[in-house]
Structure formats: structure tokens, C-alpha cells
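Asker: Fold the following.
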Amino acid sequence: MAQVHKCSDVSLTRTSPVEQQPPVPVTVRLLRSVDHTSDNEGAGGWSPSDSDHYQWLQVDFGNRKQISAIATQGRYSSSDWVTQYRMLYSDTGRNWKPYHQDGNIWAFPGNTNSDGVVRHDLQHPVIARYVRVVPLDWSGEGRIGLRVEVYGCAYWADVINFDGHVVLPYRFRNKKMKTLKDVIALKFKTSESEGVILHGEGQQGDYITLELKKAKLVLSLNLGSNQLGPIYGHTSVMTGTLLDDHHWHSVVIERQGRSINLTLDRNMQHFRTNGEFDYLDLDYEITFGGIPFSGKPSSSSRKNFKGCMESINYNGINITDLARRKKLEPSNVGNLSFSCVEPYTVPVFFNATSYLEVPGRLEQDLFSVSFQFRTWNPNGLLLFSHFADNLGNVEIDLTESKVAVHINGTQTKMSQIDISSGQ
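Answerer: The predicted structure follows:
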């Protein structure tokens, strides 16, 4: 019999149960291992009143955990089980991310009977407070039936919230830092598309900058240039897309001379810097969250980072730990806090058949609406509403990547901005 290790109590919610009652939290356990041979362990199970693709089972661990495996069974001694499912995870319970494997949104093979256990060790661990299991297919003999075990352990990391004003410097002891090798690692999440994540520079013209531009990650390096000769050391590499999704993204920069490995979310890009120099010469400090104002154009034209970072490590030095212990002194006017502030707005994804219906207000002469969107599609309906008393309607849509506004079906105004670029 396997030993059961309890990591913490968690809460479980789900879509409608068989009894048609509203979702109610129940207590379950996060287990490292469990005896699957016991008939008493996990008897029963979840089966929603409707077996369709709108059902899900959600686990709230209370705080973030490192999740390494998931196992499922069908409903105890029944014809109800799930043959395929998807796993979503979240820090907030509002903004969800699907589990990816081999570069694709992964569909986990499920069960072929009610009592057999199918376990999947995750290709890479997931850090999340919430996990949601979404059935994709189920037993043809019955309905959706599910028992779930999630395997993992406690997770803790120093988190820093940047408000877009504060800059966190790490000042060098000897005022100068000359390195042949660098390893910089951190995680970030933000809903902003622009912002400097880290920056360092030297009086000889060397610099390193990691920043977001149009929701893509850009690493800029210069190991030295010769203003009187043909040597030009500036190198810039871009990777990733739509990184302003307010999900955690991991970054690792590994440099050995001119050889660079830039890894974003386990996807590595290798390149060599321009020029002929191997050392990076920085003066005074390297900063996180922005560029301190120095009077140079580069310090005023770039936005500071607004969002959260965790596990910042610069050449073996735990920057987030130093900041938490008040060993670093933030610069600029702003607030540095050690909890991640969640945004008030929550993005909504629409597929080709979904829509959101909002009740109108009666006896109102004013019609006002505002929203933000991004898409890769050149055509599509954004908004439609009937006016009261059969006075017509208003329609906002995309036509060949331009916004078109139709009032009463006759008046049309087109924008001149190409907006099907995913921004």
C-alpha cells in the first residue's frame, strides 16, 4: 500500500452537479501518492447534470503550487467516465491558460472504464493556484463521470510588483562589472505591451537591455563598438508574441563571450553578438523594472515595466530576496510591493460562434460603448444593437482590417488603421 502524503487542503468547485444545485466548495486533498487498490479511496465522483462541452471541474489549492502530475478515474462503479480532457490553470481563477505539450494545447487521454486509474506525469511542472479539468469526450455508454487526483508540492517564490514608476537597482560593489560570462533568469507577468524589464550600461558604450515591445520580448546587447573604425557591436534579438496576457513567462539569458542563449518559456534561441569584443563592461548598477533617468534620450523614451516579477537571479545573486530583505534601495518615485496586484479588467476570448449579450437600458437617449480588442482576423462583427422604438440599429465590425461603424444601416465610417495585426 502506497503512503499518502498530504501537502495541503484544497477547495473543489464544478459546474452543475446531478442534483441541479449551485456549485458548492468541498474539501479534498493534494496528494503526492495514493493507494489506488483501496475501494474506499475516492469512492463516488463527479457527474454534471448535462454531459456537454461546457462542463468543468475546478480545484483551488488556496495558494500557488507546483503541479507535476494528474490522474483520473470514472465515477465509482458506473458507466460514466471521461475519455479525453484538457487541463487549464490560473493564478486568479479568471484568467486561464491551457496546458501545452510539444508546442500544442494538449488533450490528455482519459479512461476506458469507471475504476481504472490513468495517470499523466506532466512534461514540465505547472505553477498555479487553480486547475480546471475540461472534459472533451466521454463514455458512449453513459455520461461524464470523473474522479481527479492532482500531484504536486508547495511552491514559494519572492514576488515583486512594479507599478510602472519604481526602478530596482542592484549596485556593484566595485562600481564596475566586467564579465565574460553572464546568467540572468527571471519570471514576469504583465498586461502591458511595453516596458523595460532590465537594463545596464557602461561609460564605454556597452549595454544590455531586456524589454517588451509590442508585447514581444527584445534583448539588446552591445559588447563594444569602435567609433573610429568598422566595429559595430549593437545586437538585437526579438522573440515571443502576445506576452501581455498576464500569465507568467520565464526568461533565461546565458552569455559566454559573444555566444548567447535566450530562452523564453523553454524555447531557446541561440545567436552571436556583432563586433569583436567578448566582455560586457557595466558601470555602477544593473536595474530591474526600468531605466533610471539620466538625461539621455534612452532613459526618457522607454516605458518602465508595470507588472510582476519573481525569482530574479543575476549571476547567482537572488535579487528578489535582497529586495525583500531591504538590502536594495528602489529609485524613482513609486511603490515596490511584494505581492502581485491583479488587474481589474479580465480579457474574454471569442471564437467564431460565441458572443456576449448585455441587457440594454430602457428610456435612455444616450448610447455609449467602449472596449479594447485585438485579433488576427481581417473581418468580423464587433458589436450590434437595436435602437428603441424601431429607430434602427448600430453595428461595428471589421471589414478588410478596418473598423466600420454602421448607423441605421446607411451611415458608414471607416477607420484608416490596419488592426488585424494581433495588437
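Asker: Asp91: neighbour count?
Answerer: Here the number of neighbours of Asp91 (other C-beta atoms under 10 Å) works out to 21. For the C-beta atoms, the positions are set from N, CA and C on the backbone; glycine is no exception.
Asker: which secondary structure element contains the closest residue to it other than its chain neighbours?
Answerer: Closest residue to Asp91 apart from its sequence neighbours, by C-beta to C-beta, 6 or more residues apart in numbering: Arg129 at 5.3 Å. Remark: Arg129 resides in strand 118-138, with elements defined by DSSP states H and E.
Asker: Buried by neighbour count: which residues of that strand qualify?
Answerer: The neighbour-count check on strand 118-138 (16 or more other C-beta atoms under 10 Å) flags 118, 120, 122, 126-135, 138 as buried.
Asker: do you know how far the residue nearest to Asp91 is from Ile407?
Answerer: If you measure Arg129 against Ile407 using C-beta to C-beta, to the nearest Å, the figure is 45 Å.
Asker: Ok, Met238 next?
Answerer: Remark: distance between Met238 and Ile407 (C-beta to C-beta) = 41 Å.
Asker: next SSE after the lowest-mean-pLDDT helix or strand in the chain?
Answerer: For the chain, counting by mean pLDDT, DSSP states H and E, strand 26-31 ranks last in confidence among helices and strands (a mean of 35). Next in sequence after strand 26-31, counting helices and strands by DSSP H and E, comes strand 57-73.
Asker: can you pull the contacts of Arg258?
Answerer: Applying C-beta atoms under 8 Å, 6 or more residues apart in numbering to Arg258 gives the contacts Leu223, Arg272, Thr273, Gly275, Phe277, Asp278.
Asker: can you tell me which two in the residues you listed are farthest apart?
Answerer: Pairwise distances across the contacts of Arg258 peak at 12.0 Å for Arg272 and Phe277 (criterion: C-beta to C-beta).
Asker: Among those two, which residue is more densely surrounded?
Answerer: Phe277 (19 against 10).
Asker: Quick check: that one touching Leu221?
Answerer: No - checked against C-beta atoms under 8 Å, the pair Phe277 and Leu221 is beyond contact range at 10.7 Å.
Asker: Now list whatever residues contact both of the two.
Answerer: Gly233.
Asker: that older thread, want to throw the contacts of Arg258 into CSV with pLDDT, distance to Met309 and secondary structure?
Answerer: Below are the contacts of Arg258 laid out as CSV (pLDDT from 0 to 100; distance: C-beta to C-beta, whole Å; DSSP: H, G, I helix; E, B strand; the rest coil):
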residue, pLDDT, distance to Met309, secondary structure
Leu223, 94, 25, coil
Arg272, 96, 28, strand
Thr273, 95, 25, coil
Gly275, 89, 30, coil
Phe277, 92, 29, coil
Asp278, 95, 29, coil
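Asker: Please spell out the segments of the stretch 201-350 of the chain that come in under the pLDDT threshold.
Answerer: In the predicted model, the stretch 201-350 of the chain carries pLDDT under 70 at residues 227-231, 294-300, 332-334, 344-346.
Asker: ranges for the strands of it?
Answerer: Listed in chain order, the strands found in the stretch 201-350 of the chain under DSSP state E, counting those that start in this stretch are 207-213, 216-222, 235-239, 249-256, 259-264, 267-272, 280-288, 306-314, 317-318, 336-337.
Asker: pLDDT score for Val134?
Answerer: According to the prediction, Val134 has pLDDT 96.
Asker: State the mean pLDDT of the helix or strand following the strand holding Arg129.
Answerer: Note on strand 118-138: by DSSP H and E, the next helix or strand toward the C-terminus is strand 147-154. Averaging pLDDT along strand 147-154 yields 92.
Asker: Buried residues, strand 147-154. List them.
Answerer: In terms of neighbour count (16+ other C-beta under 10 Å), strand 147-154 has its buried residues at Arg147, Val148, Glu149, Val150, Tyr151, Gly152.
Asker: Let me have those residues in a markdown table, extended by distance to Cys340.
Answerer: A markdown table is the format used below for those (distance: C-beta to C-beta, whole Å):
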| residue | distance to Cys340 |
| --- | --- |
| Arg147 | 32 |
| Val148 | 27 |
| Glu149 | 28 |
| Val150 | 22 |
| Tyr151 | 25 |
| Gly152 | 20 |
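Asker: In which helix or strand does Asp397 reside?
Answerer: According to DSSP H and E, Asp397 maps onto strand 393-399.
Asker: Which strands or helices does that strand pack on?
Answerer: strand 380-386, strand 402-407 (3 or more C-beta pairs under 8 Å, 6 or more residues apart in numbering; DSSP states H and E).
Asker: quick one: the longest one to strand 393-399, angle?
Answerer: What that stands for is strand 380-386. 180 degrees (axes from the mean of the first three to the mean of the last three C-alpha atoms, to 10 degrees).
Asker: could you give the angle of strand 380-386 to strand 402-407?
Answerer: Counting by the same axes, to 10 degrees, strand 380-386 lies at 10 degrees to strand 402-407.
Asker: re the thing from before, pick out the most distant pair among the buried residues of strand 118-138.
Answerer: Spatially, the most separated pair among the buried residues of strand 118-138 is Ile127 and Trp138, at 29.0 Å (C-beta to C-beta).
Asker: Contact partners for the closest residue to Phe162 other than its chain neighbours?
Answerer: Closest residue to Phe162 apart from its sequence neighbours, by C-beta to C-beta, 6+ apart: Gly289 at 4.3 Å. Each residue near Gly289 by C-beta under 8 Å, 6+ apart is listed here: Phe162, Val166, Val167, Leu168, Val196, Ile197, Leu198, Asn304, Phe305, Met309.
Asker: Among the residues you listed, which one sits closest to Pro347?
Answerer: Phe305 (19.6 Å).
Asker: Okay, and the beta partners of the closest residue to that closest one other than its chain neighbours?
Answerer: In space, and not counting its chain neighbours, Phe305 is closest to Gly195: 3.7 Å by C-beta to C-beta, 6+ apart. As for beta bridges, Gly195 partners with Leu212 under DSSP bridges.
Asker: Now that Gly195 has come up, it's in contact with Ile291, right?
Answerer: No - in this structure Gly195 lies outside contact range of Ile291 using C-beta under 8 Å: 10.6 Å.
Asker: what do those two both touch?
Answerer: Asn304.
Asker: Look at those two and report which has more neighbours.
Answerer: Taking neighbours as other C-beta under 10 Å, Gly195 and Ile291 compare with Ile291 leading, 24 against 21.
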